[in-house]
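**Student:** just need the structure, nothing else, for what follows:
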Amino acid sequence: GQECPENTMSPKKIEVILMTIEGEILKKFPVEKEINSVAYSKDGKRIIAVHDDGKVFIWRTSGELITSLSSYSTEVSCSPDNNHFIICGYRGMEIYDSTGIKIRAISGEIMCCTYSPDGKYIIAGRSNDVEIFDSNGNSINTISESKFDDSKAAFLKQDGFFYSGEVLWSLEGKRVVIPG
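**Tutor:** All right, here's what the predicted structure looks like:
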């Protein structure tokens, strides 16, 4: 998350803000600590935020808190079909359904995680390798030659690929390019 400037006059007010691209604020979601990661479901119905202390909050965009989870995570990513989300951090990765029920846990430090554009795969960045999972969390391949750094994993469409941190996904989600 971004660092907020210290205010010596009053406590920090930290919020997750839902707004239009024109800057109109639609809803504010109060949080207790600084935020490491936020995900917006592809259907626009949920916002998931990960606190600095690893706690996860899931809200409806109407403002209603669906649930909160105690975790160790630093990153969150929503599946393209809106049915699942993943969180990851220093103790591993967890796959949840959209209501916050844990489906699977994978151990070992995972620095960033995200779904492929088609939602069939999950890519997980560790300090010295990248692991590819199917959407159920079954390991498909580990690419250990990679020098994957602690960058955020987010997709950006670029020249026929989706860019994810230091990983490029092809549009069909079957090819991955990783700098060596």
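
**Student:** model confidence at the nearest residue in space to residue 105 that is not next to it in sequence, what's the number?
**Tutor:** In this structure, residue 105 finds its nearest non-sequential neighbour in residue 94, 4.9 Å apart by CB to CB, 6 or more residues apart in numbering. C-beta coordinates here come from the backbone N, C-alpha and C atoms, glycine included. At residue 94, the predicted lDDT confidence score is 94.

**Student:** and what of residue 162?
**Tutor:** 41.

**Student:** can you give me the distance of the residue sitting nearest the centre point of the chain to residue 137?
**Tutor:** Centroid-nearest residue in the chain: residue 76, 2.2 Å away (criterion: CA atoms, centre = their mean). From residue 76 across to residue 137, the span is 15 Å (CB to CB, to the nearest Å).

**Student:** how distant is stretch 33-51 from the center of its chain?
**Tutor:** Distance of stretch 33-51 from its chain centroid, counting by CA atoms, centre = their mean, to the nearest Å, is 8 Å.

**Student:** buried sites along that stretch?
**Tutor:** 35-39, 41, 46-51 (16 or more other CB atoms under 10 Å).

**Student:** give me the three-state assignment for residue 21.
**Tutor:** Three-state call for residue 21 (DSSP: H, G, I helix; E, B strand; the rest coil): coil.

**Student:** pLDDT below threshold where in this protein?
**Tutor:** 1-13, 144-180 (pLDDT under 70).

**Student:** now the helices for it?
**Tutor:** With DSSP state H, there are no helices along the chain.

**Student:** and residue 55, what does it touch?
**Tutor:** 32-33, 68-71 (CB atoms under 8 Å, 6 or more residues apart in numbering).

**Student:** how about residue 82?
**Tutor:** 41-43, 45-46, 98.

**Student:** so it versus residue 92, what's the distance?
**Tutor:** 23 Å.

**Student:** how many neighbours does residue 85 have?
**Tutor:** Close neighbours of residue 85, defined as other CB atoms under 10 Å, add up to 22.

**Student:** neighbours around the closest residue to it other than its chain neighbours, how many?
**Tutor:** Distances taken as CB to CB, 6+ apart put residue 78 closest to residue 85, at 4.8 Å, once the chain neighbours are dropped. Look at residue 78: counted by other CB under 10 Å, it has 22 neighbours.
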